[in-house]
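>>> Here's a sequence, model it:
(chains A and B)
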Amino acid sequence: MKIIPLATMKFFRIKDQHMWTLFVLPGTLLLVLVLGFPAIQSILYSIYPEGGGPSYTLNNYSVLFRDSVFRQVFGNTVLFVTLSVASHVLLGLGVALVLNMEIFAKPLFRLIALLPWVVPDVVVGIIWRWMYDPVYGAFNDLLLRIGLIPAHVQWLSSPKLALLSVIFVNLWRGFPFVMLILLAGLQSIPRVLYEAAAIDGASRWQLFVRITLPGLKKMLVVALALDIVWEVRRFGLIQTMTQGGPGNITEVLSTYIYKQYFQFFRFEYASAVAVVMTAALLMVSLPYIWMISQEE
Amino acid sequence: MKRYRLSFFVVLGLSVFFTISTFVYAQEKVTLRFSDWHLTEAPWDKTLADAMPLFEQRHPNIKVDLEPVSYKDKEPKYTVEIAAGKGPDIFHLHAFSLPMFFDKGYAKDLTPFIEKEGGAKFLEAWYPLCIDMMKHKGKVHAMPGDYMSMVLIYNTELFKEAGLDPKKPPKTWDEFLEYNIKLTKPPERWGVAVLGAKDPGFELRFSPFLWSFGGDYLTPDNKKSALNTPDAKEAFKYFIELYTKHKVMPPGVPTMNAQDVRTQVAHRKTAMEIGSGWSAPIINAINPELKAFDVLAAAPLPMKKKRVTTIWLSSWVMNPNTKHPKEAWELLKFITSKEMELNWFVKNRVTSSRKDVSEKAPEILNDKFASVIASQLPYGKVVPQIPQWPEIMDAFTTAVQEAFTEMKTPEKALADAHERINGILARKK
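Numbers count the residues shown, from 1 in each chain, chains lettered A, B, ... in the order given. Take a look at the predicted model:
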């Protein structure tokens, strides 16, 4: 029997200029399967009435925008993300600048600075929950010993302090990521620029404003965009520390969705919240995607 | 040489035989996935791990894989797995999660298995209330497990230190407040710790306050909130003021979970808690130096208008996706058998939903904790068994936290919860 190679058959013959489709196809199919399917499924769920299809309705969205708790949760998320990202960038930039200088045991300090980022969210949450404990907590004990507070403080039970206390932990936990990106950016700025400016008599502040910041601009945008996306999705830390309490003071979109879906079994409503959250995230990340595509 | 060749073939033959027989045996052996939050808690973890080899010994064709899950994560984990067509064959839930699982079809109907065991006669061994709570549309969809009432757990030594008679625990909520004031000496000690976190254990501890004052969460038909009654308002205010006005609870109560409370008791930071059969063993595991079994005592909960307490009932559920229903039923029968229910009590001090254990076993009748717990079962009440319950309880604990932290007055927080709960109940399912 004569074996005919598939490629010689007319049906299977592909022109050279179309060969790329073959190479792109597996990856595209995988993406559609992994990303597209759940996304479409979520959108479909969000327009089912509570209790399931088959009819379609926008009632979940209408309920969502009228719900005072959702509005509070949305506001909490904006505050949490804004303060977290701003503090990550400030501290990350500061530490990156220090670690970019010629200092003693630089690799060791870089390693130490990265450590909080390596620890999983849940572990960080549990450790800090104990550290904040008003009776046994090491944090109160330390601050009392150095005289910064006059009495034990209820960090996670106080409506004024709960969200800030979680953000403080998130600062500690998340700044190394921004620092890492900015450190890479700092190392890519040619040293000759600093040397030339120094010869011209530029001060340290002028060097920072005129050379360092413009040199870091792209890296800053990347770090900001990625950090915003990550912080909107932050779940384990808040869930283990406060579960959204006291009241709804520390409830953010991710914990709210989890609660609606897994604790209340409101699949359709939770999907509507998830769709709104994704839309908000897309609005934030689109400029980043646009910037990357412009570069290409 | 000839002998060596013979030995070689004998060894080869035996190897082939054992390989094939092991393969065939492995093919026939059924593996069941068994998941329970108790597997993350001492001393339950060891008790369960010790019991399973006994089951495997009696059923050589069944192997049981133990899958620990945290108390709080069990519902999300099982929901996702069952929705995906997977999940453990047998899993453990508290009874108040059952309506949600029944509603979604996440519990297998056990009627055919029960019929084979003798039907109604087989079920006679359990308390009728417990069996009723396992039913969905008239059919049994789960088997009852631990059955306990909530009681007052207190430290007799701290009572003596405060000049209180440990043999005379508080009988009314007014007396309870007086005792608390005498026991509280901050920052060393507080009277009582009650969890204030959004945790399923909250309602077990709070409900006796509400019910005893004559209030309730919902109207009898479960269609409206009943939190606007004077009794409910009085109970809520009394509970909140223990923390905000009288300061007899330790700081941090709004975020405390059950384990935090037990830690406070274990380290003599608080003198009382509302607990049950599991309290002494867990407190003992946290701090063996306390000698919890000697130092702690149990008493009926104080009362106001009527004596009432919350019922704790756990349940064993068979996954509708199980590929081995016969074997899973055997495991269910084993863990709810008279022998094992007594074993759970002896090792973990939890009383049983089986009458032939809780009402007859001398080990239970003579135990200083179990005897009190069993005596309170007739005063037991269960929270409403409706699918919206977790959401209602979340709205309620939000109000408790808002009042604890003085974000709102108790009256305003309760009124807001009342409105929200009515909104939840009015929503079409």
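
>>> all strands for chain B, in order.
Counting by DSSP state E, chain B has strands at residues B:30-36, B:62-68, B:90-94, B:135-136, B:139-140, B:143-149, B:151-155, B:190-193, B:270-275, B:296-299, B:309-318, B:380-381.

>>> Let me have those in JSON lines, extended by distance to A:L286 and mean neighbour count.
Yep, even glycine has a C-beta here, placed from its N, CA and C like the rest. Shown next, in JSON lines, are the strands of chain B (distance: least, CB to CB, whole Å; neighbours: other CB atoms under 10 Å in any protein chain shown):
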{"stretch": "strand B:30-36", "distance to A:L286": "42", "mean neighbour count": "20"}
{"stretch": "strand B:62-68", "distance to A:L286": "42", "mean neighbour count": "16"}
{"stretch": "strand B:90-94", "distance to A:L286": "43", "mean neighbour count": "24"}
{"stretch": "strand B:135-136", "distance to A:L286": "48", "mean neighbour count": "16"}
{"stretch": "strand B:139-140", "distance to A:L286": "53", "mean neighbour count": "16"}
{"stretch": "strand B:143-149", "distance to A:L286": "52", "mean neighbour count": "26"}
{"stretch": "strand B:151-155", "distance to A:L286": "57", "mean neighbour count": "25"}
{"stretch": "strand B:190-193", "distance to A:L286": "50", "mean neighbour count": "26"}
{"stretch": "strand B:270-275", "distance to A:L286": "52", "mean neighbour count": "26"}
{"stretch": "strand B:296-299", "distance to A:L286": "60", "mean neighbour count": "21"}
{"stretch": "strand B:309-318", "distance to A:L286": "45", "mean neighbour count": "24"}
{"stretch": "strand B:380-381", "distance to A:L286": "55", "mean neighbour count": "16"}
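
>>> Nearest approach to B:D45 belongs to which of these?
Closest approach to B:D45 among the strands of chain B (CB to CB): strand B:62-68, 7.4 Å.

>>> Quick one: distance of that closest one to the chain centre.
Here the centre of strand B:62-68 is set off from its chain's centre by 21 Å, with CA atoms, centre = their mean, to the nearest Å.

>>> ditto for stretch B:185-203
18 Å.

>>> and the end-to-end length of it?
End-to-end span of stretch B:185-203 (CA to CA, to the nearest Å): 28 Å.

>>> still on that earlier bit, any chance of the strands of chain B in a markdown table, with mean pLDDT too?
Below are the strands of chain B laid out as a markdown table (pLDDT from 0 to 100):
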| stretch | mean pLDDT |
| --- | --- |
| strand B:30-36 | 96 |
| strand B:62-68 | 96 |
| strand B:90-94 | 95 |
| strand B:135-136 | 94 |
| strand B:139-140 | 96 |
| strand B:143-149 | 95 |
| strand B:151-155 | 98 |
| strand B:190-193 | 96 |
| strand B:270-275 | 97 |
| strand B:296-299 | 97 |
| strand B:309-318 | 95 |
| strand B:380-381 | 91 |
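
>>> B:T111: neighbouring residues, count only.
Neighbourhood size, B:T111 [other CB atoms under 10 Å in any protein chain shown]: 14.

>>> ok, and the closest non-adjacent residue to A:M277?
Once flanking residues are discounted, A:M277 sits nearest to A:L253: 4.7 Å by CB to CB, 6 or more residues apart in numbering or on different chains.

>>> Distance check, the one you found against B:L183.
For A:L253, the distance to B:L183 equals 43 Å [CB to CB, to the nearest Å].

>>> now the helices: where do they sit in the stretch 51-200 of chain B?
Counting by DSSP state H, counting those that start in this stretch, one finds helices in the stretch 51-200 of chain B at the ranges B:74-83, B:98-104, B:111-117, B:120-123, B:128-133, B:156-161, B:173-183.

>>> looking at those, which is closest to B:P288?
helix B:156-161 (15.5 Å).

>>> which residues touch residue 191?
I'll assume chain A. If a contact means CB atoms under 8 Å, 6 or more residues apart in numbering or on different chains, then A:R191 has no contacts.

>>> actually it's chain B I care about, not the one you picked
B:Y179, B:N180, B:I181, B:K182, B:L183, B:T184, B:V248, B:M249, B:T270, B:A271, B:M272.

>>> among those, which two are most distant?
So, those by CB to CB: farthest apart are B:K182 and B:M249, at 14.6 Å.

>>> more neighbours, those two?
More crowded of B:K182 and B:M249, by other CB under 10 Å: B:M249, with 25 against 16.

>>> What distance do you get for the nearest residue to the more buried one once chain neighbours are set aside to B:Q401?
Spatially, and ignoring its direct neighbours in sequence, B:M249 is nearest to B:Y243 (4.5 Å; CB to CB, 6+ apart). Distance, B:Y243 to B:Q401, by CB to CB: 11 Å.

>>> same thing with B:I386?
23 Å.

>>> what pLDDT does A:L286 get?
A:L286 is assigned a pLDDT of 83 by the prediction.

>>> Let me know how buried it is, in neighbour terms.
11.

>>> can you give me the strands for the stretch 101-250 of chain A?
Under the criterion DSSP state E, counting those that start in this stretch, the stretch 101-250 of chain A carries no strands.

>>> quick one: low-confidence ranges for chain B?
Counting by pLDDT under 70, the low-confidence segments of chain B come to B:1-27, B:428-429.

>>> Give me every residue in it lying close to chain A.
Residues of chain B lying near chain A by CB under 8 Å from any CB of the partner chain: B:75-76, B:79-80, B:100, B:103-104, B:187, B:197-199, B:250-255, B:264, B:269, B:387-388, B:390-391, B:394, B:397-398, B:401-402, B:404-407, B:427-429.

>>> again, 6 Å this time
Residues of chain B lying close to chain A by CB under 6 Å from any CB of the partner chain are B:76, B:79, B:100, B:198, B:250-252, B:254-255, B:390-391, B:398, B:401-402, B:405, B:407, B:429.

>>> Generate a PyMOL selection restricted to the buried entries among those residues.
Selecting only the buried entries of those in PyMOL, with 16 or more other CB atoms under 10 Å in any protein chain shown as the criterion:
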select buried, chain B and resi 79+100+198+250+251+252+254+255+390+391+398+401+402+405+407
